[in-house]
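A.B. asks: Sequence and predicted structure below; questions after.
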Amino acid sequence: MASEGSTRPVERLFPFVLRAGILTIGRDTLGRNKGKLHFVLITEDISEAVRAEILVDFQHYPVVQHYGPADLEKHFGIKGAKTIGFTKSGLAQSIYAELKEYRINQPVTPTKPPTA
């Protein structure tokens, strides 16, 4: 599970996520806090319909699909969650950098208005 540039697993950073208070749990809460998000993590067992909704709702944010609900419970102590978000911080940047290979959406490129 380690990224190519690191020999240590990203999970080593997870205890600090709870301390720093940068974890947002659930789609509704994520939707209310879009301006604060760095990236969204969904579990591997999420349904295709919900996955598609998340990709639309959070198209301007990186969406990473990795881990299962049991992993989220083990690392963060949250039961039954399939969608979590990490708010903007240096720690979130570090975690995303190591999970980037699991990103399932492409960055949205801003469109320029036509010049007259």
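C.D. replies: Good, I have the coordinates. Numbering: from 1, shown residues only.
A.B. asks: I'd like to know the beta-bridge partner residues of the residue positioned nearest the centre of the chain.
C.D. replies: The centroid of the chain falls nearest to V40 when counting by C-alpha atoms, centre = their mean (2.4 Å). When bridges are called by DSSP bridges, V40 pairs up with V63, G85.
A.B. asks: is it true that it touches H60?
C.D. replies: No: counting by C-beta atoms under 8 Å, V40 stays clear of H60, with 10.5 Å between them. For the C-beta atoms, the positions are set from N, CA and C on the backbone; glycine is no exception.
A.B. asks: which regions of this protein lie under the pLDDT threshold?
C.D. replies: 1-7, 110-116 (pLDDT under 70).
A.B. asks: can you give me the strands in it?
C.D. replies: 23-25, 37-42, 63-65, 83-87 (DSSP state E).
A.B. asks: Out of those, which one sits most buried?
C.D. replies: Of these, the one with the most neighbours on average (mean count of other C-beta atoms under 10 Å) is strand 83-87, at a mean of 23.
A.B. asks: With distance to R51 as added columns, please give the strands of the chain in JSON lines.
C.D. replies: Converted to JSON lines, the strands of the chain look like this (distance: least, C-beta to C-beta, whole Å):
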{"stretch": "strand 23-25", "distance to R51": "17"}
{"stretch": "strand 37-42", "distance to R51": "7"}
{"stretch": "strand 63-65", "distance to R51": "7"}
{"stretch": "strand 83-87", "distance to R51": "10"}
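A.B. asks: among those, which is nearest K100?
C.D. replies: Of all the strands of the chain, strand 63-65 sits nearest to K100, with 7.6 Å by C-beta to C-beta.
A.B. asks: So what touches that closest one?
C.D. replies: With contact meaning C-beta atoms under 8 Å, 6 or more residues apart in numbering, strand 63-65 is reached by 39-44, 46, 51, 54-55, 96, 99-100, 102-105.
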